[in-house]
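Undergrad: Pasted the sequence and its predicted model underneath.
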Amino acid sequence: MPRNVEVKTKLDDVNATHQRVKSMTNEPPIVLKQCDYFFNSIKGRLKLRVQEDAPCYLIYYERPNVAGPKLSDYSTTTVTNPDELKETLDKALGIRGKVQKKRTLYMIGQTRVHIDEVHGLGDYLELEVVLRDDETVEYGERIAQNLIEQLNIPKYVQIECAYMDLLDKNNN
């Protein structure tokens, strides 16, 4: 199963963060409009990611709910008929909820840097350090921590859970 080390933080100044990230890479960003449908799952998280003008994916992942860098084990499958799959999974498992966002994706080395505008939540930064098979979690954590420091992200704004969990908290 592929692995990455993730960190998610709330952003106070999204424009300043865009500028800092742009200064750290020569690659232009990719802007994606995404809708993630989360399904009830006994273990881990299961979501169907539907994107405008981009491939759709069924994504399963396991990740602890802790602030700061954390290991995420995940599996993805490309989906050619997301509407039918959503209907089938809804019947079998039930839809837990939906997360809509505009994601700006930058690459810095082996790290996917997402600046997300999440409907109903606000602006967030997510780092995903993609680990090769021969790389340790500690190595990925060091890369993530280094980027957090370069981007001037304070520890107190780091988020321990998924956007779906934050939306659930807001609705209760």
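TA: Happy to help now that I have it. Residues are numbered from 1 along each chain as shown.
Undergrad: what lines up beside the host helix or strand of residue 50 in the sheet?
TA: With secondary structure defined by DSSP states H and E, residue 50 is part of strand 45-51. The strands beside strand 45-51 in its sheet (DSSP bridges) come out as strand 30-39 (antiparallel), strand 56-62 (antiparallel).
Undergrad: Turn those into a markdown table, including mean neighbour count.
TA: Glycine gets a C-beta too; all of them are placed from N, C-alpha and C. Shown next, in a markdown table, are these (neighbours: other Cβ atoms under 10 Å):
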| stretch | mean neighbour count |
| --- | --- |
| strand 30-39 | 17 |
| strand 56-62 | 17 |
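Undergrad: Residue 45 is nearest to which of the ones you listed?
TA: strand 56-62 (5.5 Å; Cβ to Cβ).
Undergrad: which other residues reach the next helix or strand after the closest one?
TA: Heading C-terminal from strand 56-62, the first helix or strand you meet, by DSSP H and E, is strand 70-79. Residues outside strand 70-79 that contact it (Cβ atoms under 8 Å, 6 or more residues apart in numbering) are 1-7, 48, 55-64, 85, 128, 137, 140.
Undergrad: now residue 141: how far from residue 153?
TA: When distance is defined by Cβ to Cβ, to the nearest Å, residue 141 is 15 Å away from residue 153.
Undergrad: still on that earlier bit, how about the strand holding residue 50: buried residues?
TA: 45, 46, 47, 48, 49, 50 (16 or more other Cβ atoms under 10 Å).
Undergrad: for stretch 148-156, same thing?
TA: 148, 151, 153.
Undergrad: rewinding a little: output the strands paired with strand 45-51 as CSV; include the columns mean pLDDT and distance to residue 159.
TA: Formatted as CSV, the strands paired with strand 45-51 follow (pLDDT from 0 to 100; distance: least, Cβ to Cβ, whole Å):
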stretch, mean pLDDT, distance to residue 159
strand 30-39, 97, 16
strand 56-62, 94, 16
